[in-house]
Every structure is written in C-alpha cells, then in structure tokens.
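> Whatever this is, show me its structure:
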Amino acid sequence: MLINVILAVGLAILMILVYFPGRHARHYSYIRVENVLDEILWAAPVQSKLKNCSYEDIIVKNVDVDISSIYGTRYFEIPLKGGEYKPKNCTPLIKTALIVPYRNRATHLKVFLNYMHHFLQNQRIHYQIFIVDQNDTLPFNRAKMLNYGAKIAIEMGYPCLILHDVDLIPINTGNIYGCSKTPRHMSSSLDTFRYNLPYLTLFGGAVAILSSQFKQVNGMSNKFYGWGAEDDDFYRRLITNGITPYRFSPEISRYTMLPHVKEIASSERFTVLAQGSEQHKVDGLSSLSDESVIKQEDLYTHIFAS
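Model (predicted):
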C-alpha cells in the first residue's frame, strides 16, 4: 500500500514538472510579427530580368496548418537533383541550406521531405535540403552531423544555415526560413511543451544562423555522443563570442513534433558540457575529418559521415 502511494505521489510530481505551465519561461522577449521583415537578412539578387520575390504577404497571411494534415501528400515542384529549388517567377532574396542530422528515421524523413518541399516552395526562397546520415555504430552525434552538413553547405556558397531536426514540422506558414541579423531559435513554441518555452537559454530543434556566425564560433562540439546538452554548449559558444540569439513571435514559431521513442540521455553530457568553454576553439568545424561521402538524391543531398 505504501509503495503504491509513493509511486502515485512520484508520478504526480513528475506530471507537474513536465506539464505545469508555471515552470516554463512563458514570458520571454521576441521580435514582433510586424518587425520580422526588418530582421531578415536578404541575399544579394543576381542579375535577372525577373522582379525580386516578395515576402511581406507570406507573413501577413500567416495561418496555422492543421496538424492532422501534415501526413497527407502535398504538391510541390520536383527540385533539382540534390534537393535544390529556385523560384522560376521571381528572383529569390533568401538562400538557405536546410541541414538535417539523421539516422534510422525513414518514416519521419518521408513526412518531412513531403511537407518541407511544399512549405519552402510556397515561401519563394532558394533552398537546398541536406540530410546528414551518421553511418557508424556509435551513439548518435547530432551536433557532429550538423557540422558536416554546415561545412559542405558553406563550401557550396550558402550564406544561411537552418539546423533542423527531422521530427519537427513548422505549422505557421509565416515562419520564414531565412536568416536574421542574430541567430534565431525558430522552434520556441512546440506542441510537446504545450507551446511554452521550457527555459530561456533553449537553443535546439530548429535554429537559423548565418554561415559567417557559425564559422565564427567554430560550429558545434563534436564530442556529444548520445542525447543531450549539445544545444546548451552551442548557446554558450555564441554568448562567449558576443552573439546573443533571439526569437520571433510565437504567432509564427509554432511547431509540432512527430511521434517517436525518446532517446536515453547520455550520462557523459554534463561532463562534456563543463569542458566546452576550454575546447570550443579547437573542437568543432575545425576538427572535422574529410571522410564524408555525398550522394545526390532526387529530393535531397545525402551526406554520409562518422
């Protein structure tokens, strides 16, 4: 009887910690919707007879996508080999590389690609999707895969990087997939957190950052194997270099998370995190090996790395 009471109390406490809204950073600073266009950094348009693409209407006409519809087939124009797309009716002012760390998530990837090509093409941006596949037997190293994808995208001339988990789907059409003046935490309003922000320094899920800023902080740490803390280390790198991330209004920052089994947290994550301030100049983009393989698929560029 006593054991049952203890278990019930423990479960109640856990539920409060996870779901009680008061524990979240409900009130945080963000860029208001009407100021978003002033924050986006536009790519220099190439010489063209076409008019420049416009983006104000995308934000003004922002709507919430029905979450139940994200699994349905969506129309999109077949991109160039490797998952690259450029609008044909106007000259895009946004050029973005979408970097997705990946391993053994075939179902999620199918949903993600079907939805995101449709979503991004409606935003009239020049984009390319990079899926970075960890092809060893070690625990998953999300940050290292992001580094590999970023390195290749930067070498291909992409000025804007969006670091994006494969199980996150944006449900606001006005959530522009371009970079802003400051690195942006894009997924600040997530359904699994009841659209609340768990803590103010959260900087994971979906992040937009200029390639120049990513290089400035030497990317992310390559030492985080297993789940947890690599985003916290990345946030600290930015702050150490005088770069303070921000967020756009929750009105255009809502996401849904595709169902999946939660990873077991790495027991080493806090030890590695504690060492980050001493190692970030030599651990990151600069310490990647050149042993990656690139394959051009129909809907994305597939990078194999370890």
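> so where is the chain shaky, pLDDT-wise?
Along the chain, the model assigns pLDDT under 70 to residues 1-26, 260, 263, 265-267, 269-270, 272-274, 276-278.
> ok so Asp231 is a helix residue?
Yes. Assessed by DSSP: H, G, I helix; E, B strand; the rest coil, Asp231 belongs to a helix.
> residues in contact with it?
Going by Cβ atoms under 8 Å, 6 or more residues apart in numbering, Asp231 touches 202-204. Heads up, the C-betas are built off the backbone N, CA and C, glycines and all.
> of all the residues you listed, which comes closest to Gly72?
Nearest to Gly72 out of the contacts of Asp231 is Gly204 (Cβ to Cβ; 27.6 Å).
> which one of the contacts of Asp231 has the most neighbours?
Among the contacts of Asp231, the one with the most neighbours (other Cβ atoms under 10 Å) is Phe203, at 25 neighbours.
> Quick check: closest non-adjacent residue to that residue.
Tyr235 (4.1 Å; Cβ to Cβ, 6 or more residues apart in numbering).
> which element is that neighbour on?
helix 230-240 (DSSP states H and E).
> contacting residues for Ile243?
Taking Cβ under 8 Å, 6+ apart, we find Ile243 in contact with 182-183, 213, 216-217.
> what's the answer for Leu113, then?
129, 299-300.
> Contacts only, for Arg254.
So Arg254 contacts 64, 170-172, 175, 189-191, 195 (Cβ under 8 Å, 6+ apart).
> Could I get the contacting residues of the nearest residue to it once chain neighbours are set aside?
Sequence neighbours aside, Ser189 is the residue nearest to Arg254 in space, at 4.6 Å (criterion: Cβ to Cβ, 6+ apart). Contacts for Ser189 (Cβ under 8 Å, 6+ apart) come out as 195-197, 250, 253-255.
> okay, now Asn122: neighbour count?
A count of neighbours around Asn122, defined by other Cβ under 10 Å, yields 12.
> Distance check, it against Met116.
From Asn122 across to Met116, the span is 11 Å (Cβ to Cβ, to the nearest Å).
> likewise Leu202?
According to Cβ to Cβ, Leu202 stands 22 Å off from Met116.
> Kindly report the same for Val63.
Val63 is 17 Å from Met116, by Cβ to Cβ.
> Same check on Gln128?
Distance, Gln128 to Met116, using Cβ to Cβ: 11 Å.
> I'd guessed Leu37 sits against Tyr55; true?
Yes. Using Cβ atoms under 8 Å, Leu37 is in contact with Tyr55, at 6.7 Å.
> And those two? Which one has more around it.
For Leu37 versus Tyr55, the count of surrounding residues by other Cβ under 10 Å is larger for Tyr55: 21 against 14.
> Please list all residues in contact with the more buried one.
Shown in contact with Tyr55 (Cβ under 8 Å, 6+ apart): 37, 40, 93-94, 123-124, 176.
> Show me which positions of stretch 43-60 end up buried.
If you call a residue buried by 16 or more other Cβ atoms under 10 Å, then stretch 43-60 has these buried ones: 43, 53, 55, 58-59.
> sorry, that was for stretch 109-119
Within stretch 109-119, judged by 16+ other Cβ under 10 Å, the buried ones are 109, 111-117, 119.
> How far does that stretch sit from its chain's centre?
Averaging C-alpha positions (Cα atoms, centre = their mean, to the nearest Å) puts stretch 109-119 14 Å from its chain's average.
> Helices along the stretch 151-300 of the chain, start to end?
All helices of the stretch 151-300 of the chain, identified by DSSP state H, counting those that start in this stretch, fall at 211-216, 230-240, 269-279.
> and the residue nearest to Ala43 when sequence neighbours are not counted, how many residues sit next to it?
Using Cβ to Cβ, 6+ apart and skipping the chain neighbours, the partner closest in space to Ala43 is Lys95 (4.4 Å). Lys95 has 20 neighbouring residues, counting by other Cβ under 10 Å.
> cool, the one 4 residues further on as well?
By other Cβ under 10 Å, 28 other residues sit near Ile99.
> how would you label it: helix, strand or coil?
Ile99, by the three-state scheme (three-state DSSP), is strand.
> For beta bridges, what are the partners of it?
Per DSSP bridges, the residues bridged to Ile99 are Phe130, Leu163.
> I appreciate the help and will end here.
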